[in-house]
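>>> sequence plus the predicted model coming up.
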Amino acid sequence: TQLLEQSPQFLSIQEGENLTVYCNSSSVFSSLQWYRQEPGEGPVLLVTVVTGGEVKKLKRLTFQFGDARKDSSLHITAAQTGDTGLYLCAGGDNYGQNFVFGPGTRLSVLP
Amino acid sequence: DSGVTQTPKHLITATGQRVTLRCSPRSGDLSVYWYQQSLDQGLQFLIQYYNGEERAKGNILERFSAQQFPDLHSELNLSSLELGDSALYFCASSVERRSDTQYFGPGTRLTVL
């Protein structure tokens, strides 16, 4: 069974600071997705990374997929209060059948 | 707005009862996924349907069942409800059979008293 671990579990920072959250596994994934979820709402897809070593930027968010396709990171530059939420990584195997979510990193950005 | 709709938004019922949750995928999406999210378990994959047929099964209890209809909407049936079934239930959809790039609905909050 493929498992995804995320760290840190909780993160509280001041507005304007930078941060990085991590998603790790001992298994290889065909792709990894990052989602952000706000309380009481469904997860919203931020990005999909598919190639080992791939880096994708979405405004102040930078996503990286590890060379071995076992891990990923999300870096936020100059965090804003609107970045507050639960950040989930998710991935599937090469057959597209086993799809798992990590437990998430709960981010609080304080004004 | 992801384009995925779920009804009802909230559901309160008693132990032992049976409920049905409904999901309409995004226009053009053939795959529907069901997830359960509780505070202590995180987001757990339950089951996937593709174009009317079951494609993948996750941690779905025998008391739970789902189906996808010809118009591609899906229903999740939960029976003999227990207190521990209280959770948020999400539906997601995608265009293809593979699980990448899923779009989530707003969820149904089920409370079992």
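Perfect, thanks for sending it.

>>> what strand or helix carries B:L88?
Using DSSP states H and E, B:L88 sits in strand B:87-94.

>>> ok, that strand near chain A or not?
Yes: Strand B:87-94 reaches chain A (CB under 8 Å from any CB of the partner chain) through B:L88, B:F90, B:A92. C-beta coordinates here come from the backbone N, C-alpha and C atoms, glycine included.

>>> from the residues you listed, pick the one nearest A:S12.
When these are compared for distance to A:S12 (CB to CB), B:L88 wins out at 23.6 Å.

>>> quick one: residues contacting that closest one.
B:L88 makes contacts with A:G40, B:Q36, B:Q37, B:S38, B:G107, B:T108, B:R109, B:L110, as judged by CB atoms under 8 Å, 6 or more residues apart in numbering or on different chains.

>>> ok, these vs A:G53, which is closest?
Distance to A:G53 across the contacts of B:L88 (CB to CB) is lowest for B:Q37, with 31.6 Å.

>>> so that closest one sits against B:A92, correct?
No: the criterion here is CB atoms under 8 Å, and B:Q37 misses it with B:A92 at 11.6 Å.

>>> got a list of contacts for the lowest-mean-pLDDT helix or strand in chain A?
Counting by mean pLDDT, DSSP states H and E, the weakest-scoring helix or strand in chain A turns out to be strand A:99-101, with a mean of 83. With contacts defined as CB under 8 Å, 6+ apart, strand A:99-101 is touched by A:1-4, A:88-92, B:33, B:35, B:42-45, B:48, B:56, B:58, B:99, B:102.

>>> what's the answer for stretch A:14-23, then?
The contact list for stretch A:14-23 (CB under 8 Å, 6+ apart) reads A:4-8, A:11, A:13, A:32, A:34, A:71-81, A:87, A:89, A:102, A:105, A:107, A:109-111.
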